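**Q** Provided below for reference: sequence and predicted model.
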Amino acid sequence: MVESWQPRLFKQSPPDNGWTHNHHYLYSLLWSAFLDLDAFTASRLRKRFFPYSTNFVVRELLFDEYAHVELHVPGEPSRLRATPSTRLDDRFRDVALWTTIPKLLGPPPYRDRRAPVRNEHGLDDAEVAQALGAIVSEHFKNTYDLEQASFRLDPESRPIVPPALGLSIADARFDVTAGRRVARARLSAVVQSPFRQDEMAQLSDPQNWTLFGFWDPGPNVEARQQHDGIPMRLLLPGGNQLEPSKWRELSFSYASAITPFESRIDYEAVERRDPAALVLKEAITDAIRYEADRASNGSDESPDARSDKRWQWGKDFPHIGHLRGYLSLEKVQGRPGWTRFTAEREARFESPNHDRFRVETLMFWLTCELVSFAIQFARVGPAEKAGIP
Amino acid sequence: MINGPARGGLVAGLDEDDLPDETALGTLSRSQMAARPHVLRRLLAPIVLARATEDRWSPEFRQLVCAAFNDYAKASRPGSFEDSLARLRGWARSRFAIAHGRDSREVRAGLRVFDPEELLNVEPSVIESRSGVFRVGRRAWVKAPLHVVRDTINPVNWAKLGEFFEYVGRVEDSVEERPDGWSGVFEERYVFGWGPLKLATCHPFLRVDFTFDETRARADYSLLYEEDGLLECDDGYLEAKSAPGRPGWCEYYSEKSTQFRLPSVNLLAPVILAVFLESSLSSIEDAAYDHRETGRA
């Protein structure tokens, strides 16, 4: 394992005994930035792995620089006040803010009639979004000299990663296929970093996926050489508490190859524990009752409903049906000093919230992996070394 | 660019003419007419295909057509121009006058069996233009081991790719050597011209990466800057791979994108690119020929 490959998600790496609640909270905020949720919709989702609304995400991410943001977005007090040392890396924070801009500055979506028109501070959700959008635009203007008017709001037409972030990422593009229960996303980008067999190519060993933060490869054992069913843990985002069961135990099978031109890993993973039939039946019964109650009760749910354990997806229930995909790093033809990063992942989720946002969750993971890769491997090129302008 | 005597042959009576300047500009010098038959056939093929019904040809063109079949004539008396032209037309039709598509690959595969090219099997060039940048690509199969082609495409040996290179060399303090190749900054000086006419001189610095393994070798390059600001874009790559199912053959592909800052010069970019690729292909063929001759010796 490459010892120096610490997770890049946070300004300071998590302690040796693992993530804390606040690390997971920030991870959930980062995930929520990709979901484009309003407050009412977010409140109606299941308690376990609950996501945050876009307005709340922006409030938390800008908490340190723009204290007045809190005035716009009422609700739970910020958890970040108590833990000033636990913060997202600035580049991840800004990627998340960039992702929220179409939701903030775009035309307001169709408003659910059940949603309250104004919150307890007398603010309309759309007005709050516009105000936050102005603050986010000001943030990018002050920090990177980026004018939002230079970019289209259409998410498919915007760069995935904001330019001028210093990550040397170009030509980033998502291709997504979504089915009834399965989604597949492929992210392709070129990163200005020379392809190195002895370093960068080691990402074809899943033991080095500690770089991505939310993968935990477990101990280094000889069984890895068999490339079949090694233990691997994946952290699911959502909620503000890190419970051990949020780390899903996977049986991870993979095949990898490294050449001077390309390194590639193909993998497939399923959850290690098969739930007992009784537990699964109970989960299905619970889900049916939940949906029936929602359908018959047309009024708003109170926030207290979150405390009702009936809404929880049980910890022992399966959360990930299957995961498969590949990660390829290759030398770019005709562009020396650049590496093409291509990651594809297909997933079927059993956890309801992740199943509902299966496309967004895949896009979130792949984007985080790309940014982690770029942060780790940005290099000075030979021209700069030779002092050639 | 076609220069030099026919391979292995003795050239006589082809000293440079003392032609007046105005005559020299419009004609080929005789030293340029004595060239490799393979190269001549490829260069002349598009002309005879495009002018299928033409029956008026200049004396210089007649000499080129005859020279294109010197190797066919061997010890016997060289054939007449009409006979050589008929051979050339048939040769060109069978290789290039086929609609590009799946069937054309099968036709070419059949040709390789019944009428094989000696050392080179070339596909037509592909030329594209986008926003003023011209890109040319060409693929060929070379009858030579991979290491022979690999050494030719290594940028340190690019001087052999054509006589238009006045100078090529690495900027040594920028070079990073690796077991599987090297990367660094590369300096070139090359001249665009035709006979005595020099159109332009370029002095670019390129960022280069050369990588190889047992089955593939590739040289990637992109423009860092050009001393006189003549170039906006100059990047591409040369790649050689072992041809699957064809032991002893390599697949060679070369692609180059160029844009000159001066619009008038940029109009000539497709010609310059096509000639560059043709010249580099000839050098690959030379290397294959030398390897074969060395093996026979």
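**A** Arrived safely.

**Q** the strands in the stretch 1-150 of chain B, which residues?
**A** With strands called from DSSP state E, counting those that start in this stretch, the stretch 1-150 of chain B shows them at B:120-122, B:126-130, B:133-142.

**Q** partners of the first one in the sheet?
**A** Which is strand B:120-122. Within its sheet, strand B:120-122 is paired with strand B:133-142 (antiparallel), according to DSSP bridges.

**Q** ok now the strand it pairs with, how far from the chain's centre?
**A** 10 Å (Cα atoms, centre = their mean, to the nearest Å).

**Q** Could you check the angle that strand makes with strand B:126-130?
**A** 160 degrees (axes from the mean of the first three to the mean of the last three Cα atoms, to 10 degrees).

**Q** If you count neighbours, what's buried in strand B:133-142?
**A** Residues of strand B:133-142 classed as buried by neighbour count (16 or more other Cβ atoms under 10 Å in any protein chain shown): B:133-142. C-beta: built from backbone N, CA, C; applies to glycine.

**Q** what's it in contact with?
**A** With Cβ atoms under 8 Å, 6 or more residues apart in numbering or on different chains as the test, strand B:133-142 has contacts from B:119-129, B:149, B:232-233, B:236, B:240, B:243, B:246, B:249-259, B:266, B:269-270, B:273-274, B:277, B:281, B:284-285, B:288.

**Q** Drop anything exposed from the residues you listed.
**A** Here, 16+ other Cβ under 10 Å leaves B:119-123, B:125, B:127, B:149, B:233, B:236, B:240, B:243, B:249-259, B:266, B:269-270, B:273-274, B:277, B:281, B:284-285, B:288 buried among those.

**Q** how many neighbours does the nearest residue to A:Gln202 once chain neighbours are set aside have?
**A** Closest residue in space to A:Gln202, ignoring its immediate chain neighbours: A:Asn208 at 5.1 Å, by Cβ to Cβ, 6 or more residues apart in numbering or on different chains. Each residue near A:Asn208 was counted by other Cβ atoms under 10 Å in any protein chain shown, and the total is 17.

**Q** And the pLDDT for A:Asn208?
**A** Residue-level confidence at A:Asn208 comes out at 89, pLDDT.

**Q** quick one: secondary structure of it?
**A** What DSSP: H, G, I helix; E, B strand; the rest coil gives for A:Asn208 is helix.

**Q** Look up how far chain B lies from it.
**A** 21 Å (Cβ to the nearest Cβ, to the nearest Å).

**Q** Surely that residue is in contact with A:Pro7?
**A** No: here A:Asn208 lies out of contact with A:Pro7, judged by Cβ atoms under 8 Å, at a distance of 11.7 Å.

**Q** if we can go back for a sec, so of the buried ones among the contacts of strand B:133-142, which ones are in helices?
**A** B:149, B:266, B:269-270, B:273-274, B:277, B:281, B:284-285, B:288 (DSSP state H).

**Q** ok, for the residue of the stretch 101-250 of chain A found nearest chain B, nearest residue in space, not its chain neighbours?
**A** Residue nearest to chain B within the stretch 101-250 of chain A (Cβ to the nearest Cβ): A:Pro194, separated by 6.5 Å. Sequence neighbours aside, A:Gly337 is the residue nearest to A:Pro194 in space, at 5.2 Å (criterion: Cβ to Cβ, 6+ apart).

**Q** Let's verify A:Pro318: helix, strand, or coil?
**A** coil.

**Q** That one - nearest residue in space that isn't next to it in sequence?
**A** A:Glu350 (4.4 Å).

**Q** now B:Arg150
**A** Nearest non-adjacent residue to B:Arg150, counting by Cβ to Cβ, 6+ apart: B:Ala217, 3.9 Å away.

**Q** Quickly check the ones in helices among the buried ones among the contacts of strand B:133-142 for the two that are furthest apart.
**A** For these, the maximum inter-member distance is 33.6 Å, found between B:Asn266 and B:Ala288 (Cβ to Cβ).

**Q** Listing request: residues of the chain with sub-threshold pLDDT.
**A** I went with chain A, as the question did not name one. Scanning chain A with the threshold set as pLDDT under 70 gives A:1-4, A:67-76, A:111, A:113, A:116-117, A:119-121, A:220-228, A:273-315, A:379-389.

**Q** if you could check chain B rather than the one you did, that'd help
**A** B:1-36, B:38, B:52, B:54, B:71-79, B:94-119, B:163, B:193-199, B:296-297.

**Q** What residues does it have near chain A?
**A** B:171, B:173-176, B:180-181, B:183-185, B:205, B:207-209, B:211-213, B:216, B:218, B:220-222, B:224-225, B:235-237, B:239, B:255, B:257 (Cβ under 8 Å from any Cβ of the partner chain).

**Q** In PyMOL, how would I select just the buried ones from those residues?
**A** Only the buried entries of the residues of chain B next to chain A go into this PyMOL selection, using 16+ other Cβ under 10 Å:
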select buried, chain B and resi 171+174+175+181+183+184+185+205+207+208+209+211+212+216+218+220+221+222+224+235+236+237+239+255+257
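
**Q** So which of the residues of chain B next to chain A sit within strands?
**A** With strands defined by DSSP state E, the entries of these inside them are B:176, B:181, B:183-185, B:205, B:207-209, B:211-212, B:216, B:218, B:220-222, B:224-225, B:235-237, B:239, B:255, B:257.

**Q** ranges for the helices of the stretch 51-200 of chain B?
**A** B:59-67, B:70-73, B:81-96, B:102-114, B:146-153 (DSSP state H, counting those that start in this stretch).

**Q** And the third one, what's buried?
**A** Residues B:84-85, B:87-89, B:91-92, B:95 are the ones in helix B:81-96 that count as buried (16+ other Cβ under 10 Å).

**Q** same thing with the last one?
**A** For helix B:146-153, a neighbour-count test (16+ other Cβ under 10 Å) marks B:146, B:148-153 as buried.

**Q** Kindly report the residues of the stretch 51-200 of chain A close to chain B.
**A** Counting by Cβ under 8 Å from any Cβ, the stretch 51-200 of chain A sits next to chain B at A:194, A:197.

**Q** quick one: B:Val275 from B:Tyr252, how far?
**A** 17 Å (Cβ to Cβ, to the nearest Å).

**Q** Next: A:Thr143.
**A** 48 Å.

**Q** Please apply the same query to A:Phe252.
**A** 40 Å.

**Q** Can you verify my assumption that A:Glu268 contacts A:Leu323?
**A** Yes: counting by Cβ under 8 Å, A:Glu268 touches A:Leu323, with 7.1 Å between them.

**Q** the more surrounded of those two?
**A** Using other Cβ under 10 Å as the criterion, A:Glu268 and A:Leu323 rank with A:Leu323 on top: 22 against 17.

**Q** For the residue nearest to that one when sequence neighbours are not counted, which residues are in contact?
**A** Of all residues not flanking A:Leu323 in the chain, A:Ala269 sits nearest, at 4.4 Å (Cβ to Cβ, 6+ apart). By Cβ under 8 Å, 6+ apart, the contact list for A:Ala269 reads A:232, A:234, A:250-253, A:320, A:322-324.

**Q** Now with 6 Å, please.
**A** A:250, A:252, A:323 (Cβ atoms under 6 Å, 6 or more residues apart in numbering or on different chains).

**Q** Kindly confirm my reading that it is in a strand.
**A** Yes: looking at A:Ala269 with three-state DSSP, it is inside a strand.

**Q** now it, which residues is it bridged with?
**A** A:Phe252, A:Leu323.

**Q** Next one: it from chain B, what distance?
**A** Going from A:Ala269 to chain B by Cβ to the nearest Cβ gives 30 Å.

**Q** how near is B:Ile153 to B:Ala144?
**A** From B:Ile153 to B:Ala144 the distance is 12 Å (Cβ to Cβ).
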